[in-house]
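S.K.: Task: produce atomic coordinates for the following.
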Amino acid sequence: MVMLPSPRPTTELFPLGGYMLPRLFTGLWQLSSNSWGSAPAAKIRRQMATYAQSGYTAFGMADHYGPAEILFGEFRERWPEPQDIFGATKWCVFKRIVPTRALVEAAIQDRLDRMKAQRIDLLQFHWQNYDDHGYIDALRHLQDLQHEGKISLIGLCNFDTVRMEEICEELGPGGIVSNQVQFSLIDIRPLYAMAEVCKKYNVKLLTYGTVCGGFLSDTWLGKDEPDLYSGVLTPSQRKYLDMIVKAWGSWALFQSLLVVLRSIADKYEGMSIANIATRWVLDHPFVGAVIIGARMGVSEHTDDNRKVYGFRLSADDRAAIDGVLTKSNGARLIRTIGDCGAEYR
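M.R.: Model (predicted):
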């Protein structure tokens, strides 16, 4: 089993395939647009090194996240022990294709070239159109490339429960190891059918949106609802604000949730609202890691994020949180929005 890497004493690890990985991944989606802020490439690579030195050795990216794969490859190539840095990227199919072996291999080779790698640690596959069952053929070709050593692990991204189970059956045990989906105190859809399928097939969720673009934080406690079109919100915040006030409940109910989270955080020395929201997700056994977006070269929260390690929420904590969640529409989102990933289709 590959150990990645020598962790800080407070780092929590989980098994994924043959790896032991930190339960906090660094997400690089904010490199896809200057709307989150921008920085020179050299500064971004330096901040990646700062993250790695702090125990954040797993990075999540995608083929459409701007220069993320390229910058990650340059950073890892210069790292003293590059095998200690784990890179999860994606192949996202948004339009109709015929997934021949040659096409799939070319897509993977493009990832390898951009990341300066001989092998992709985790290739996460997204397929937009479920009516086109070519995703099974594509995944079989990915399995062949895995057997040839170009991919270590195969995962999914924003697949729903029905298709995830279908894929698990088609590819066999260990065919996929993960599914990257949205999961937070606001979006609890994975708690339903997907949790059971994860348990049945030993699949871990890699979750994003866990702090709702920063709304689940002390920054927004006691604040008025922001204007969606003010121009001061990031793309993520616009997305999650819309979900909070239109699908989940209301800004007033969201403030009630923040108050409860702050009261729980006060019980644990030095904790933040974001820590409690993240710990709530990590405490679910089907979750492998939470992916926290990083504005590389712009801002960083490594010290605060690390506080989620080494403690668990109590039954009283969970009951207090549930007292707010039961007043929301969270349990109905799986019907009003659809299963995981439906909002992107």
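S.K.: All the strands of the stretch 1-150 of the chain, residue numbers only.
M.R.: 2-3, 13-16, 19-22, 24-27, 58-60, 86-93, 120-127 (DSSP state E, counting those that start in this stretch).
S.K.: Same check on the stretch 201-345 of the chain?
M.R.: Going by DSSP E, counting those that start in this stretch, the stretch 201-345 of the chain shows strands at 204-208, 287-293.
S.K.: between the shortest one and strand 120-127, how many degrees?
M.R.: Same thing as strand 204-208. If you take axes from the mean of the first three to the mean of the last three Cα atoms, to 10 degrees, strand 204-208 sits at 80 degrees to strand 120-127.
S.K.: The longest one now?
M.R.: Direction vectors for strand 287-293 and strand 120-127, defined by the same axes, to 10 degrees, enclose an angle of 80 degrees.
S.K.: Tell me which of the strands of the stretch 201-345 of the chain is the most buried.
M.R.: strand 204-208 (a mean of 24; mean count of other Cβ atoms under 10 Å). (Glycine included, C-beta is placed from N, CA and C.)
S.K.: now it, how far from the centre of its chain.
M.R.: Chain-centre distance of strand 204-208: 5 Å, with Cα atoms, centre = their mean, to the nearest Å.
S.K.: now what about that strand, what contacts it?
M.R.: 14, 16, 25, 27, 29, 60, 88, 124, 155, 177-184, 190, 194, 198, 281, 286-291, 293 (Cβ atoms under 8 Å, 6 or more residues apart in numbering).
S.K.: do the same with stretch 249-262
M.R.: 185-186, 215-216, 218, 220-222, 224-225, 244-245, 248, 273, 276-277, 320-321, 323-325, 327-330.
S.K.: If you count neighbours, what's buried in that stretch?
M.R.: 249, 251, 253-258, 260-262 (16 or more other Cβ atoms under 10 Å).
S.K.: What of stretch 260-273?
M.R.: 260-262, 264-265, 268, 271-273.
S.K.: How far does it stretch from one end to the other?
M.R.: 9 Å (Cα to Cα, to the nearest Å).
S.K.: And it, how far out from the chain middle?
M.R.: Counting by Cα atoms, centre = their mean, stretch 260-273 comes out at 23 Å from the chain centroid.
S.K.: again, but for stretch 166-174
M.R.: Distance of stretch 166-174 from the chain centroid (Cα atoms, centre = their mean) equals 22 Å.
S.K.: show me the contacts for residue 79.
M.R.: So residue 79 contacts 49, 52, 85 (Cβ under 8 Å, 6+ apart).
S.K.: Sitting in helices, which of these do you find?
M.R.: Applying DSSP state H to the contacts of residue 79, the entries found in helices are 49, 52.
S.K.: Can I get the contacts of residue 79 in JSON lines including distance to residue 334 and neighbour count?
M.R.: Formatted as JSON lines, the entries for the contacts of residue 79 read as follows, by distance: Cβ to Cβ, whole Å; neighbours: other Cβ atoms under 10 Å:
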{"residue": "49", "distance to residue 334": "41", "neighbour count": "16"}
{"residue": "52", "distance to residue 334": "37", "neighbour count": "21"}
{"residue": "85", "distance to residue 334": "36", "neighbour count": "22"}
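S.K.: Let me know the closest of the contacts of residue 79 to residue 142.
M.R.: Ranked by distance to residue 142 (Cβ to Cβ), these are led by residue 85 at 22.2 Å.
S.K.: so how far is residue 119 from that closest one?
M.R.: Going from residue 85 to residue 119 by Cβ to Cβ, to the nearest Å gives 13 Å.
S.K.: returning to that earlier point: now the contacts of residue 79 as TSV including pLDDT and distance to residue 76?
M.R.: Shown next, in TSV, are those (pLDDT from 0 to 100; distance: Cβ to Cβ, whole Å):
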residue	pLDDT	distance to residue 76
49	90	10
52	92	9
85	98	5
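S.K.: returning to that earlier point: if you compare the strands of the stretch 1-150 of the chain, which one is most tucked away?
M.R.: strand 58-60 comes out most buried of the strands of the stretch 1-150 of the chain by mean count of other Cβ under 10 Å, with a mean of 27.
S.K.: re earlier: kindly reformat the contacts of residue 79 as CSV containing distance to residue 40.
M.R.: Listed next are the contacts of residue 79 as CSV, based on distance: Cβ to Cβ, whole Å:
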residue, distance to residue 40
49, 14
52, 19
85, 21
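S.K.: residue boundaries of the helices in the stretch 201-345 of the chain?
M.R.: For the stretch 201-345 of the chain, applying DSSP state H, counting those that start in this stretch gives helices covering 235-242, 251-265, 273-282, 302-306, 315-325, 333-336.
S.K.: Can you report how many residues lie near the nearest residue to residue 239 once chain neighbours are set aside?
M.R.: Spatially, and ignoring its direct neighbours in sequence, residue 239 is nearest to residue 213 (6.8 Å; Cβ to Cβ, 6 or more residues apart in numbering). Per other Cβ atoms under 10 Å, the neighbour tally for residue 213 reads 20.
S.K.: Please apply the same query to residue 67.
M.R.: When counting by other Cβ under 10 Å, one arrives at 16 neighbours for residue 67.
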